[in-house]
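Q: Predicted model, plus sequence, below.
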Amino acid sequence: MRTSNAPRRQALPLRLLSTSLATLFVLAGCGGGGGSPGATVSATPPASQQPPATTPPATGQQSVYDTNPSLLGDAFSNYWNLCAKPRTGVDANGKPYPDRQGSLLDELKFLRAWTHQNYLWYNEVPNTYRMADFSNPIDYFDVLKTTALTPSGKPKDQFHFTYPTEEWDAMQNEGVDLGYGLTFSRVGSGVPRTWIVTAVEPGSPADAAGVRRNDMLMRVDGVDFVSAGDNASVDIINAGLFPSSAGTQHRFSFQRSGAQFEVTMTGAEVRVDPVKNVKVIDTASGKVGYLSFETHNAVSEKELVDAFTTFKQEGIADLVLDLRYNGGGLLYVASELAYMVAGPAATAGKMFDRLQYNDKIGSDSPIMFRSTAYGFSAPNPVAAGTALPYLGLKRVTILATSGTCSASEAVINGLRGADIEVIQIGGTTCGKPYGFTPVPNCGTTYFSVEFKGVNNKGFGDYADGFAPTCQASDDLTRAVGDPAEGLLATALAYRTSNACPAPQGQSSARQLPTQLVRPLVKEIAIDRRSR
């Protein structure tokens, strides 16, 4: 742990989050706002519908705070936890909610003052919006970001969203998701929809129902998932795919090998195992360690230590680290993982990641390669200060796709900053070098870009992602971890020949570019710090 001297950090009380994580810094996921952004299905817009307005929703007299947010003062001491509808009772950890009686205007003032203090591009936020024109804080938060574009024409800030605080806390501390234990990939984003089952969590409702990788979604509660575009149908689809509470049942039709079948699944709080398929693959030139790693959360710390202990005992010669679905998580876990790959000889005295803030705050002290466990609170924790096992490898092979984001990209960048050769197999990563502090207020946790991360060589310009050494497709026809599966087979072949093998032909829509369907809160990287 370390204490930051930045004024912003001193302004935040210790109860910043009502969780054991206390203070978090996060490399953000892309765009959106509210609920489960990035995951829901959209209705087909009428042909005459115009693009969303980029100007304020109304005109009229602005307040002095709208045009000059510096007059609002400090967000945390003046407006934090002043809520229009304060929560009562205690949170999941038994701690009383910090909410006090306030107003909608208090919540809006908090967001504007906080943005003006901490947003990386605070001086690019339009000051033409009026708080009086907004009826809820999330809509107001959505416009508190730069409208600038990158040279390629993309929004400069694609990393701005919110999430219900209780769900965020459960996801980070316990590895718990509300749903069926299913991960989909989609081809395109419009109608007709092609959603393919990419992963099924063992022991989940989807697993028990017999849903398997490579199944294609056809119907949800009787509605044609592939073609339905009207609002009523889309509402039914979203209610089925993303249950709002545990215990609700929904019907789904899938297609497998040309035949359709129907299952009923009940929404549940699914505990997701972040580290899977730990194995040693025997090859003619030595043992190769392999593991699939899906999220850098508190639960993963002990599981990674156990996996690398096994690899060290087995005397592996090379490692294939499968991050194809890893959207990110705790940066301290990412730092520990990178250390366990490289060891002390390569990382001693080198920083894993340095956080660069806006000109009001400056740079933060770096995250070094961690040689001991932080000891995150988890159902099966590793003791704080435990010496980490390490392999001392000069190179590592990483399986990556567009679903490889944030903390996972920091692993790639951090290792390269320590002169470890990273062989990347698969596709281009998602490109998220930016970060933020998740800030809860009145039941919603807000994610707004606050910093950019760079490695030991000062490099952090990967907003377009890291390109692969060898391009290969995620082979949904085979299980993750199967040596014959497309990405892993390519990695093993490259290890033998030091050249990219010719692509293997695959049939069906699975050849087309796909994108993981998941909420943006799963495409993050968190740096556990204390004051």
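A: That came in fine, so what should we check first?
Q: and the end-to-end length of stretch 62-79?
A: 20 Å (C-alpha to C-alpha, to the nearest Å).
Q: Could you list the low-confidence segments of this structure?
A: Residues of the chain that meet the criterion pLDDT under 70 lie in 1-60, 170-176, 504-513, 518-531.
Q: Now for it: which helix has the highest residue count?
A: helix 298-314 (DSSP state H).
Q: could you say what helices and strands that helix packs with?
A: If you count contacts as 3 or more C-beta pairs under 8 Å, 6 or more residues apart in numbering; DSSP states H and E, helix 298-314 packs onto helix 165-174, strand 275-283, strand 286-293, strand 329-330, helix 331-342. From N, CA and C alone the C-beta is placed, and that goes for glycine too.
Q: how far is it from where the chain is centred?
A: 22 Å (C-alpha atoms, centre = their mean, to the nearest Å).
Q: As JSON lines, the helices and strands packed on helix 298-314 with mean neighbour count and distance to S103 would be great.
A: Below are the helices and strands packed on helix 298-314 laid out as JSON lines (neighbours: other C-beta atoms under 10 Å; distance: least, C-beta to C-beta, whole Å):
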{"stretch": "helix 165-174", "mean neighbour count": "21", "distance to S103": "20"}
{"stretch": "strand 275-283", "mean neighbour count": "15", "distance to S103": "46"}
{"stretch": "strand 286-293", "mean neighbour count": "21", "distance to S103": "45"}
{"stretch": "strand 329-330", "mean neighbour count": "30", "distance to S103": "35"}
{"stretch": "helix 331-342", "mean neighbour count": "28", "distance to S103": "36"}
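Q: can you pull the contacts of the nearest residue to M368 once chain neighbours are set aside?
A: Once flanking residues are discounted, M368 sits nearest to M351: 5.5 Å by C-beta to C-beta, 6 or more residues apart in numbering. Residues counted as contacts of M351 (C-beta atoms under 8 Å, 6 or more residues apart in numbering) are P366, I367, M368, F369, G417, N455, N456.
Q: can you do 7 Å?
A: Going by C-beta atoms under 7 Å, 6 or more residues apart in numbering, M351 touches P366, I367, M368, N456.
Q: follow-up on the earlier one: please list the outside residues in contact with the longest helix of the chain.
A: By C-beta under 7 Å, 6+ apart, the residues outside helix 298-314 that reach it are 172-173, 175, 274-275, 278, 280, 287, 289, 291, 319, 330, 333, 336-337, 340, 373-374, 376-382, 388-389, 391.
Q: Show the subsequent helix or strand relative to it.
A: Next helix or strand after helix 298-314 toward the C-terminus (DSSP states H and E): strand 318-322.
Q: Which other helices and strands does that following strand contact?
A: strand 286-293, strand 395-400, helix 486-497 (3 or more C-beta pairs under 7 Å, 6 or more residues apart in numbering; DSSP states H and E).
Q: can you list the ones you listed in CSV and add distance to S233?
A: Formatted as CSV, the helices and strands packed on strand 318-322 follow (distance: least, C-beta to C-beta, whole Å):
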stretch, distance to S233
strand 286-293, 35
strand 395-400, 35
helix 486-497, 35
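Q: where exactly do the helices run in the stretch 51-200 of the chain?
A: With DSSP state H, counting those that start in this stretch as the criterion, the stretch 51-200 of the chain has helices at 64-67, 75-78, 104-118, 137-142, 165-174.
Q: most tightly surrounded among those?
A: helix 104-118 (a mean of 22; mean count of other C-beta atoms under 10 Å).
Q: ok, residues contacting that one?
A: In contact with helix 104-118 (C-beta under 7 Å, 6+ apart) are residues 8, 65, 69-70, 72-75, 78-80, 82-84, 122, 125, 131, 134, 137, 140-141, 144, 360, 439, 441-442, 448, 450.
Q: What subset of these is buried?
A: Taking 16 or more other C-beta atoms under 10 Å as the criterion, what is buried in the contacts of helix 104-118 is 8, 65, 69, 72, 75, 79-80, 82-84, 122, 125, 131, 134, 137, 140-141, 144, 439, 441-442, 448, 450.
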